[in-house]
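>>> how would this look folded up:
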Amino acid sequence: MAKAVWNGKVVAESDTFVTAEGNVYFPESSVKREYLRPSSTTSTCPWKGQAKYYTILIDGQENPDAAWYYPDPKPAARNIKGHIAFWRGVEVEK
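Residues are numbered from 1 along each chain as shown. Modelled structure (predicted):
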């Protein structure tokens, strides 16, 4: 079981997940979308492709760009399609 917690709330929890470069990627269906707000931030990884970000909003507190995903990953990273990862103070346990 993997769990992502921020500001005292569980943001994601799943028995199934993917690990890439030390990051836990949760299936989209296991993420509590009510805590996510789209961000205009993007970044590019040479082997995964272009990432897009979400800001986490819980109880009026924001954690900008604390979640990311690859909407159209490159072939080498196709196993993370449909998954979301967290950082910037989000505690991820597995």
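>>> ok, what's across the strand from the most centrally placed residue in the chain?
Centroid-nearest residue in the chain, with CA atoms, centre = their mean: Ala85, separated by 2.4 Å. Ala85 has these beta-bridge partners by DSSP bridges: Tyr25, Trp68.
>>> measure it to Asp59 for me?
Distance, Ala85 to Asp59, by CB to CB, to the nearest Å: 22 Å. The C-beta positions use only the backbone N, C-alpha and C, and glycine is treated the same way.
>>> same question, Thr16
From Thr16 to Asp59 the distance is 28 Å (CB to CB).
>>> ok, these two, which is more surrounded?
More crowded of Thr16 and Asp59, by other CB atoms under 10 Å: Thr16, with 11 against 8.
>>> Please identify which helix or strand holds that one.
Take DSSP states H and E as the rule and Thr16 turns out to sit in neither a helix nor a strand.
>>> can I assume it is in contact with Pro27?
Yes. Using CB atoms under 8 Å, Thr16 and Pro27 qualify as a contacting pair, with a distance of 6.2 Å.
>>> Run through the bridge partners of Glu91.
Bridge pairing for Glu91 - DSSP bridges - gives Val5.
>>> Assess the claim that it and Asn7 are in contact.
No. If you go by CB under 8 Å, Glu91 and Asn7 don't touch, sitting 10.2 Å apart.
>>> Just want to know which of the two has more residues nearby.
Neighbour comparison, Glu91 and Asn7: the larger count goes to Asn7, with 16 against 10 (by other CB under 10 Å).
>>> so what's that one up against?
56, 58-59, 61, 63 (CB atoms under 8 Å, 6 or more residues apart in numbering).
>>> neighbour-wise, which of the residues you listed leads?
Tallying neighbours with other CB under 10 Å puts Ile56 at the head of the contacts of Asn7, with 25 neighbours.
>>> Let me know whether that residue touches Ala67 as I believe.
Yes. When contacts are counted by CB under 8 Å, Ile56 is listed as touching Ala67 (6.2 Å).
>>> Now list whatever residues contact both of the two.
Common neighbours of Ile56 and Ala67 are listed as 11, 36, 86, 90 (criterion: CB under 8 Å, 6+ apart).
>>> Cool, thanks, talk later.
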